[in-house]
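Enquirer: please find the sequence and the predicted model below.
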Amino acid sequence: MPDEPQLITDPAQAARLLRRATYASVATASLLIAGKLVAALLTGSISVLASLVDSMMDIAASIINLLAVHYSLQPPDRDHRFGHGKAEPLAGLVQAAFIAGSAVFLILNAVDRLLHPKPLTDEWVGVGVLLFAIVATLALLAFQHHVIRRTQSTAIRADALHYATDLLTNGATIVALGLTMLGWPLTDPVFAIGIALYIVYSASQIGYESIQLLMDHELPPEVHSRIKTIARAHPQVRGIHELRTRRSGQTYFVQMHLMLDDQMPLIEAHRVADETEAAILAAFPNADVLIHEDPASEPPPPPLPV
């Protein structure tokens, strides 16, 4: 069984991979829109229209992603000393709004079709286009998930969720067209409503994760534990407290207090802090580490509530 790809810690390598993922996303969405537009015009299917609108939202979101990833990779400047990494979750939040808006549009059109049924034509054209869309989407998702495993990008994860919903949308639309050809015309708008509800669920997931990152959610427990282990491994460190972590783009921000001997000279304490910081950076080269030295006799503050 092949080894799991490791998280990229080199910012330049991560930047190249993120840009490739955004370019692939925009190109795939453009191709799918062209095909689904033809299919929607020929068949008159509300489910195909739902799939088309979903792809149009995808390309809008992908373009937002492209701009957000480009901006988030810019180095810190005088006005943004912590960098521009929060552009990624901001883009995720905008994407969630786009997805929710598209779902409302689909529900309104599906309800109208339920009240005013219309016959479909050239259903096999729609089926062929949607099968091609499924193959193209699967190829894109495989590449996106590779990028997510290597970079943990929120923006690419949000984009991948779009295309994962596309698979469901395309599959459900094929079923709806098939049932319509078998004499069940109301399955077309009913499936469209089901697709729209799933899109709303996906939007809520993207929005929640984006908000957590914007609110400086702690890094995953395994990363937190590893940082603690590295800091405590120094022979002159008596303990640590007030470890705070967050993520912005590709950068991990780490703050902590080291407990050192009361009589340790300042220059020695500074050396210990530098060595601890170097050990953390060896494990997480994309980290920004800030360490404060405390005397070991000073009691740490009470832990924060869970």
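Expert: Alright, I've got the coordinates.
Enquirer: every contact and neighbour count from this point should use C-alpha atoms.
Expert: Will do.
Enquirer: next, the contact list for A172, please.
Expert: If you count contacts by C-alpha atoms under 8 Å, 6 or more residues apart in numbering, A172 has them with 191, 195.
Enquirer: helix/strand/coil for it?
Expert: Here A172 is helix, with the state taken from DSSP: H, G, I helix; E, B strand; the rest coil.
Enquirer: may I have stretch 15-24 as CSV, with CA atoms only?
Expert: Output for stretch 15-24, consisting of C-alpha atoms alone and laid out as CSV, is shown next (Å, rounded to 0.1, in the frame of the first residue of the first chain):
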residue,chain,number,x,y,z
ALA,A,15,2.2,27.8,-3.4
ARG,A,16,2.9,26.0,-6.7
LEU,A,17,0.6,23.1,-5.9
LEU,A,18,-2.2,25.5,-4.8
ARG,A,19,-2.0,27.5,-8.0
ARG,A,20,-2.1,24.4,-10.1
ALA,A,21,-5.2,23.2,-8.2
THR,A,22,-7.0,26.6,-8.8
TYR,A,23,-6.1,26.6,-12.5
ALA,A,24,-7.4,23.0,-12.9
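Enquirer: flag every buried residue along that stretch.
Expert: Along stretch 15-24, the positions that meet the burial threshold by neighbour count (16 or more other C-alpha atoms under 10 Å) are 15, 17-19, 21-22, 24.
Enquirer: before we move on, what about stretch 28-40?
Expert: The neighbour-count criterion (16+ other C-alpha under 10 Å) identifies 28-29, 32-33, 35-37, 39-40 as the buried residues of stretch 28-40.
Enquirer: could you list the domains of this structure?
Expert: Using automatic domain parsing, the domains assigned to the chain come out as 11-214, 221-295.
Enquirer: include mean pLDDT and distance to P305 when you put the ones you listed into CSV, please.
Expert: As requested, the domains of the chain are exported to CSV (pLDDT from 0 to 100; distance: least, C-alpha to C-alpha, whole Å):
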stretch, mean pLDDT, distance to P305
domain 11-214, 81, 17
domain 221-295, 92, 13
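Enquirer: what number of residues lie near I107?
Expert: I107 is surrounded by 20 other residues when neighbours are defined as other C-alpha atoms under 10 Å.
Enquirer: host element of the closest residue to it other than its chain neighbours?
Expert: On the basis of C-alpha to C-alpha, 6 or more residues apart in numbering, the spatially nearest residue to I107 that is not a chain neighbour turns out to be I193, at 5.3 Å. Applying DSSP states H and E as the criterion places I193 in helix 187-214.
Enquirer: next helix or strand past that helix?
Expert: Using DSSP H and E, the helix or strand that follows helix 187-214 in sequence is helix 221-232.
Enquirer: check the offset of that following helix from the chain's centre.
Expert: With C-alpha atoms, centre = their mean, to the nearest Å as the basis, helix 221-232 stands 24 Å off its chain's centre.
Enquirer: equivalent analysis for stretch 94-108, please.
Expert: Shown here is stretch 94-108, whose average C-alpha point lies 18 Å from the average C-alpha point of the whole chain (C-alpha atoms, centre = their mean).
Enquirer: got the CA coordinates for it in PDB?
Expert: Listed in PDB are the C-alpha atoms of stretch 94-108, where the atom choice follows Å, rounded to 0.1, in the frame of the first residue of the first chain:
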ATOM      1  CA  VAL A  94     -18.100  33.800   0.100                       C
ATOM      2  CA  GLN A  95     -18.300  30.400  -1.600                       C
ATOM      3  CA  ALA A  96     -20.800  29.200   1.100                       C
ATOM      4  CA  ALA A  97     -23.000  32.200   0.300                       C
ATOM      5  CA  PHE A  98     -22.700  31.500  -3.500                       C
ATOM      6  CA  ILE A  99     -23.700  27.800  -2.900                       C
ATOM      7  CA  ALA A 100     -26.700  28.700  -0.700                       C
ATOM      8  CA  GLY A 101     -27.900  31.300  -3.200                       C
ATOM      9  CA  SER A 102     -27.700  28.700  -6.100                       C
ATOM     10  CA  ALA A 103     -29.800  26.300  -4.000                       C
ATOM     11  CA  VAL A 104     -32.600  28.800  -3.400                       C
ATOM     12  CA  PHE A 105     -32.700  29.500  -7.200                       C
ATOM     13  CA  LEU A 106     -33.000  25.700  -7.900                       C
ATOM     14  CA  ILE A 107     -35.700  25.200  -5.400                       C
ATOM     15  CA  LEU A 108     -37.800  28.100  -6.800                       C
END
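Enquirer: and that stretch, what's buried?
Expert: When burial is assessed from 16+ other C-alpha under 10 Å, stretch 94-108 yields the following buried residues: 94-104, 106-107.
Enquirer: export those residues to CSV and tack on secondary structure?
Expert: As requested, the buried residues of stretch 94-108 are exported to CSV (three-state DSSP):
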residue, secondary structure
V94, helix
Q95, helix
A96, helix
A97, helix
F98, helix
I99, helix
A100, helix
G101, helix
S102, helix
A103, helix
V104, helix
L106, helix
I107, helix
